[in-house]
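*Asks:* what follows is a predicted structure for the sequence shown.
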Amino acid sequence: MYVKLQTRCIPSLFLPCHINFDCVVCGGEGEQAQGKKDTDAHILVVCVLQQYSVVTNSRRGNRSSCSRIMLRSFRSNAFGLLIPGACTIRGRHLPVSSLEGTVGFTRLTSARALFSATHLLWRRQHGPTNVLFQLDALPPNLQREFHKDENAVNLTYLVDLPSSKIASSHEDSSDGTTKSDTKSPVIKVLPTWAHIVTWCCATCGCQWSARPVDRTDPQVAAFYSCPRCAARTAKKHCSDTPLAVSPSTPSFPPGRRFAEAFPLLAAQWDACRNSVIHNKVLFESVADVPLPCATIVWWSCPHCGEPWRESVNSRVQRLVQQQQKHSSNGNVKSNNTCIPLCPSCEDRGLSLTVPKDGNEGSKEKSSSERRSKKKGNQNSELKRFLKDSPLLLAEAQLQPHEDPGTIALRSNKLVCWKCRRCTYEFVASVADRFLRYKRCPQCTGEKRTPLNLLSIQRPDVLREIARTVVRGKLLKMTVHDDTVVPFVCRSCLSIYRMPIRLRCLLPEGATACSKCMWSRSKFTREVVSVGKGQKGAPFRSPPKKKRGRDSYAVVDNELHLRDTDLMN
């Protein structure tokens, strides 16, 4: 079947599109043409168009078989996906999938939603969509798990023939098939994709959906792997006998959290160095680290105090091997727990154990006293370098060659900072941040941005400011401004003065007028006293004051006598 389309591209989503077509099969009237017996294609077109409320009006023109269809699409102009077969547009023979680029879709999500509603009819008439995927950019394991059949249907909204690559598929005639010059679109799958892709496990055949950017990220790749295999691995680790020989050897919990499974290793997590942005450790704390995890992080040795870098999986493997070796030496019933150390201390043959018997309390108490004394001595000493201030170190964006242990806190070196509250980046010296307590310019109102302007963030407060304040000055004020301005209460029409920063601390709808607050507190005290039975007379709520036009005029007069420009 071939359909001749004359289209007019309309960029708006809400304007109708007019199509003039001549059907070769039935002539556009639903009647079977001479010599043509197959009318399933036209019936499928009519059914799908009627499903989406398409208004058809037959008219007679120069040709006897001509119809005018007005397709009203409220959220998309994806009518090209509704017509199966091939089309001839402006003298060119193109498949229907190319209508997306020719007619001019404005939103790919609309085309995808419309195609997902009609892909069953599409596949019933023409079989699965012939789409090729280029998987060279993905790792080999992801190339094996990529489900091409499902993604050929789900990712058809990404096909754009004018801008995508075209691959000619020629079938060998030696296999008994004929050669075909059909052109198929090629979709190049990238590791940075944020599209949801269907995967099929090569081991168990389980199908699940995940984004390629999550599967290629080494920090979260374990969470987006095959769910069936992950659950099976967790159960296997929980019931593994070699790890359960020693009572001190931990096992993997179903949640696969590092801090819960290995608390001894989690205590050696270097929070100061792992919070520096250029170290590329994206976990906020050690409680967010999953298992397994291939991220290289910083650790602090409990014996020598020296830091070193090592991946989480490597540390877990060394600990398990050490505990298995400790249990094989006949120390299963030992009352001591071996604490892992840094590689340099272990190479020198050093070991650190903690007793688990009754004397543990006294020894732990003495060790905690020594630790508290050491911490008190450290706090008593003056901070000298940037590494000594955890708050400033968390906001500093250092270069890879800069060491926080060599940058003095009293130096005038300019450093780029990133506010931990509003994520605003600014440049300031280390001495200004440490000695002069310079804060984020966006949080203090020094820098005016759309995130702190009064006219954008609090328009309700802006409406209460009196007219005596210049409008140009109001547009430049921020919610952190300490300027005292007059306000006009919307309830009692009284005037009060207050800093803008304090007024913005109150939520929207709350009053800051002292007169209204006093009357409300008085009313509350009366209700409480009546509830306690201090007054014998029954409580009656004060009647509402009914104000007419005359009373409003009197109040307006009194207000103008005080200040003629305060009423806004």
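*Replies:* Thanks, I have it.
*Asks:* in this protein, which ranges drop under the pLDDT threshold?
*Replies:* Residue ranges of the chain with pLDDT under 70: 1-129, 160-183, 219, 233-256, 277-280, 326, 328-337, 348-383, 523-524, 527-568.
*Asks:* can you list the domains in it?
*Replies:* In the assignment given by automatic domain parsing, the structural domains of the chain cover 2-126, 132-165+182-214, 217-329, 386-432, 454-514.
*Asks:* now do the helices in the stretch 301-450 of the chain.
*Replies:* 312-328, 343-347, 360-380, 390-395, 430-434, 441-444 (DSSP state H, counting those that start in this stretch).
*Asks:* give the buried residues for the fifth one.
*Replies:* It stands for helix 430-434. Buried residues in helix 430-434, counting neighbours by 16 or more other CB atoms under 10 Å, are found at 430, 433, 434. Heads up, the C-betas are built off the backbone N, CA and C, glycines and all.
*Asks:* may I see the residues you listed organised as JSON lines, with distance to residue 152 added?
*Replies:* Shown next, in JSON lines, are those (distance: CB to CB, whole Å):
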{"residue": "430", "distance to residue 152": "56"}
{"residue": "433", "distance to residue 152": "55"}
{"residue": "434", "distance to residue 152": "59"}
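*Asks:* okay, helices next: where are they in the stretch 101-250 of the chain?
*Replies:* Counting by DSSP H, counting those that start in this stretch, the stretch 101-250 of the chain has helices at residues 108-126, 140-145, 148-154, 212-215, 227-238.
*Asks:* and the nearest residue to residue 433 once chain neighbours are set aside, how far from residue 290?
*Replies:* Closest residue in space to residue 433, ignoring its immediate chain neighbours: residue 392 at 5.7 Å, by CB to CB, 6 or more residues apart in numbering. For residue 392, the distance to residue 290 equals 29 Å [CB to CB, to the nearest Å].
*Asks:* with residue 187 instead?
*Replies:* 31 Å.
*Asks:* tell me which of those two has more neighbours.
*Replies:* The neighbour count for residue 187 versus residue 290, taken as other CB atoms under 10 Å, is higher for residue 187 (21 against 17).
*Asks:* just checking, the more buried one touches residue 133?
*Replies:* Yes: judged on CB atoms under 8 Å, residue 187 makes contact with residue 133 at a distance of 5.4 Å.
*Asks:* what about the strands in the stretch 351-500 of the chain?
*Replies:* Along the stretch 351-500 of the chain, counting by DSSP state E, counting those that start in this stretch, strands occupy 352-355, 414-418, 425-429, 484-488, 495-499.
*Asks:* residue 526: which of the ones you listed is closest?
*Replies:* Nearest of the strands of the stretch 351-500 of the chain to residue 526, taken as CB to CB: strand 495-499 at 23.9 Å.
*Asks:* so which elements touch that closest one?
*Replies:* strand 484-488 (3 or more CB pairs under 8 Å, 6 or more residues apart in numbering; DSSP states H and E).
*Asks:* 10 Å instead?
*Replies:* Under the contact criterion of 3 or more CB pairs under 10 Å, 6 or more residues apart in numbering; DSSP states H and E, strand 495-499 touches helix 459-464, strand 484-488, helix 514-531.
*Asks:* what angle do that strand and strand 484-488 make?
*Replies:* Angle, strand 495-499 to strand 484-488, by axes from the mean of the first three to the mean of the last three CA atoms, to 10 degrees: 150 degrees.
*Asks:* check which residues of strand 495-499 are buried.
*Replies:* 495, 496, 498.
*Asks:* can I get the residues you listed in JSON lines including distance to residue 266?
*Replies:* Output for the buried residues of strand 495-499, formatted as JSON lines (distance: CB to CB, whole Å):
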{"residue": "495", "distance to residue 266": "59"}
{"residue": "496", "distance to residue 266": "54"}
{"residue": "498", "distance to residue 266": "49"}
